[in-house]
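Asks: Sharing a sequence plus its predicted fold:
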Amino acid sequence: MSCHRLTTTGVALCALAFTAGCGKEESGGVVKGDTIKLGAALSLTGQLAREGQLTKEGYELCASRINEKGGVKVGDKRYKIAITYRDDKSEPDTAGQLVDRFNDEGIKLVLGPYGSSSTEAAAAVIEKNKQVMVEGAGADDKIFEKGYTQTFAVLSPATQYAASMVKAVAELAKPKPKTVVFLTADDGFSKTVTEGGEAEAKKQGIKVLATESFPEGATDVSSALTKVRGKNADLVLGSVHLEEGIAIIKQSGELGVKPAGGFGETVAPPTPDFVKTLGDSAEGVLGSTQWVPQVKGEDKYFGTAADYAKAYEAKYGRDPEYHNAEATAACLALALGLEKAGSTDTQKVRDSVAGLDEETFFGSIDFNEQGENETKPMSVIQIQGGKPVTVWPTEQAESELRWPAAG
Amino acid sequence: MTEFLQSTVYGLLQGGLLALVAVGFSLVWGVMNVVNLAHGTFVVLGSYVAWQLNKSAGVDPFLGMFAAAACLFVAGYAVHMLLINQVIKAPIWMTLLLTFGLELVLINAMVLLFSGDFRSINTGWAGDAIALGDVRIPYGRLAGFLVAVGLTLALVAFMSRTRLGLAIKATGMDRDAARLMGIRARRVYATTFAIAAAMAGAAGAIVGTVGTFSPASAPAFTLQSFVIAVLGGLGNMWGALAGGLVLGLVQSWGGQYLSGTLVTAVAFGVLVAVLIVRPAGLLGKPYYEARVET
């Protein structure tokens, strides 16, 4: 339907069509000439614009690298990869709608949006339309408990985010912490992370003294900190996003929360903004991350993790963040799936992705029944000398864990 | 007991800041009948001005605050003359639409200019705290609170003691009558809008020092301003101060004694409760309700 006809139907409808970008793209199949079209609905504006942009860079790097190497070999033909990007404005509903539009346009192979909420919304649509989605930015286990068969995540699952830090200190810290408190944002993902962390703490014989929550996106976490201050736990672990993670460290300084061991926070410490924003007070904080340049494994497109970091630096002029790597890994998994399938038929690609067992720059990619990449461990970093340094698992370690971490 | 005192102190300090964030919003709404949905972006712009000065010239944010206020004053004046003034007599929906659009444009402009990264202005001293027994009072927040309350009080004095302040009030009460008295309504409006933006800019500098900010923080500031303005009473500077302190305390106590996730619900619950008992807000006066609408 053309924009012109919509205009005559009504101003409101046309406005809707305009915001959705009507008339920009023609519809076509999965394959057009010697190009395979992939779709990606990303948060290019709105609250998650930053992470959305990093994800886009990861996809771009994947497409350009694969195309430089001649494209993806499917059967005896080589195809270039072209990715159509649309902006979900950081709204999960919009992500779902955009994925539906990809389907209307014949784009069956989709790369994930940024974040668990958008991914969850998109996964439901993907399932309904029998599209295939490989994603690297939605780790909430909830997405994979619904019996979906068409969505695959290259990530370690959410339950590992805090659990990996518990494992790291249990294995490396001397003295081993006896007690821990959890601080958690109240979104589904962070809660799953915390539950995973609590379970692991029990397993490791570390006593959980309290778990306090605050709203997602909070820049004031003083109430939660005041509540846990009197507990004097050896370890304070936060299931957070960047802004809450920064607030915890900042306000702990203000309020005098000083764990004997140290602080650990999911996802926040590895991002460059964490150290930039906090300066010296970031020192010693532990963090967990999906990827570091020390990850073992290599693949034919990107080589090792260190090679990937170099390739990224050459293209964008700065070091890659894990967001970039996980996006590239999702795209890479889809490409490897296409090659192994030897066909562009959607269901064949799906089956082939499901059966992948590959070593890559991102670590191993091997999906379980639910579509999660369980075999890949998370890496634990510690801020040392103003930089995130990998300390666990030991085969990736650049440096020893400093303990106690604070002071 | 320590927990109660600590959360009360924190709530008050936070409340003073919130008051400064909201006071301009309340002023513009009360005087001009414009609900400025772009108010939050002025706050964040102020944060960026102070951040940039701190980063490139090492200016302390409590000095950078004045630069932020000055920049935003000029920007606010221009925005009013170029945009808001075009729809000042149109139904309120037009101003809502215009300022909402302005907010989107400004947020995305900031994303382009500064990226969507989270920032915070680092000072050597703001994160330290005075310890009174177990209750700690962070220097940065205390300074922010004092500046915020000082600026709000200065605005109160300005509005009731100076010719310009009185002209603003008069124009707010009856635009046409004020014009007949020789007040240039257009300029008065532009000045009001500029003052509001300047206050927001100053607030932004402090907020950016004690907390974090990114372009995406803007809508939250607008929402808080909305709650505080309605809670305190429109157009009333004392009202904004009272509204800010109440909101700060409620959020702090709510987080302390209820589940942390209920903070926002509690804040809005208090707003609803206050409006049931006092529809004009805590300190709202019939004065503003009875004014002549044109």
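Replies: On my side now, so go ahead.
Asks: What pLDDT is listed against residue A:320?
Replies: At residue A:320, the pLDDT value in this model is 92.
Asks: give the contact list for the residue in the stretch 101-250 of chain A that chain B sits nearest to.
Replies: Closest residue of the stretch 101-250 of chain A to chain B, Cβ to the nearest Cβ: residue A:223 (2.8 Å). The way it works is simple: take the backbone N, C-alpha and C, and place the C-beta from them, glycine included. When contacts are counted by Cβ atoms under 8 Å, 6 or more residues apart in numbering or on different chains, residue A:223 touches A:212, A:214, B:7, B:10, B:252, B:254-256, B:260, B:263.
Asks: So which of those belong to strands?
Replies: Here DSSP state E is the test, and these give A:212, A:214 as lying in strands.
Asks: which two of the contacts of residue A:223 lie the greatest distance from each other?
Replies: Longest distance between any two of the contacts of residue A:223 is 14.9 Å, between A:212 and B:10; criterion Cβ to Cβ.
Asks: what's the closest non-adjacent residue to residue B:113?
Replies: Using Cβ to Cβ, 6 or more residues apart in numbering or on different chains and skipping the chain neighbours, the partner closest in space to residue B:113 is residue B:48 (7.9 Å).
Asks: Please tell me how far the helix or strand where residue B:178 lies is from the chain's geometric centre.
Replies: In this structure, residue B:178 sits in helix B:175-180 according to DSSP states H and E. The chain centre lies 28 Å from the centre of helix B:175-180; the measure is Cα atoms, centre = their mean, to the nearest Å.
Asks: Isn't residue A:350 up against residue A:150?
Replies: Yes. When contacts are counted by Cβ atoms under 8 Å, residue A:350 is listed as touching residue A:150 (6.0 Å).
Asks: Can you pull the residues that touch both of the two?
Replies: With Cβ under 8 Å, 6+ apart, residue A:350 and residue A:150 have common neighbours residue A:132.
Asks: going on from the helix or strand bottoming out on mean pLDDT in chain A, what's the next piece of helix or strand?
Replies: In chain A, the helix or strand scored least confidently by mean pLDDT, DSSP states H and E is helix A:11-19, which has a mean of 43. Helices and strands here follow DSSP H and E; after helix A:11-19, the next one along the chain is strand A:31-32.
Asks: Which residues outside that following strand are in contact with it?
Replies: Residues contacting strand A:31-32 (Cβ under 8 Å, 6+ apart): A:37, A:79, A:344.
Asks: Please spell out the PyMOL selection for the buried subset of those.
Replies: Selection of buried members from those for PyMOL, criterion 16 or more other Cβ atoms under 10 Å in any protein chain shown:
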select buried, chain A and resi 37+79+344
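Asks: now, which of the contacts of strand A:31-32 sits nearest chain B?
Replies: In terms of Cβ to the nearest Cβ, no member of the contacts of strand A:31-32 lies closer to chain B than residue A:37, at 27.3 Å.
Asks: re earlier: so residue A:212 and residue B:10 - more neighbours on which side?
Replies: Under the criterion of other Cβ atoms under 10 Å in any protein chain shown, the comparison of residue A:212 against residue B:10 puts residue B:10 first, with 30 against 19.
Asks: give me every residue that touches the more buried one.
Replies: Going by Cβ under 8 Å, 6+ apart, residue B:10 touches A:222-223, A:226, B:141, B:252.
Asks: Recalculate using a threshold of 6 Å.
Replies: Listed by Cβ atoms under 6 Å, 6 or more residues apart in numbering or on different chains, the contact set of residue B:10 reads A:222, B:252.
Asks: Residue B:80 versus that one, what's the distance?
Replies: Remark: distance between residue B:10 and residue B:80 (Cβ to Cβ, to the nearest Å) = 36 Å.
Asks: coming back round to it: could you point out which element follows the strand or helix carrying the residue nearest to residue B:113?
Replies: Assigned by DSSP H and E, residue B:48 belongs to helix B:39-57. For helix B:39-57, the succeeding helix or strand toward the C-terminus, using DSSP H and E, is helix B:61-82.
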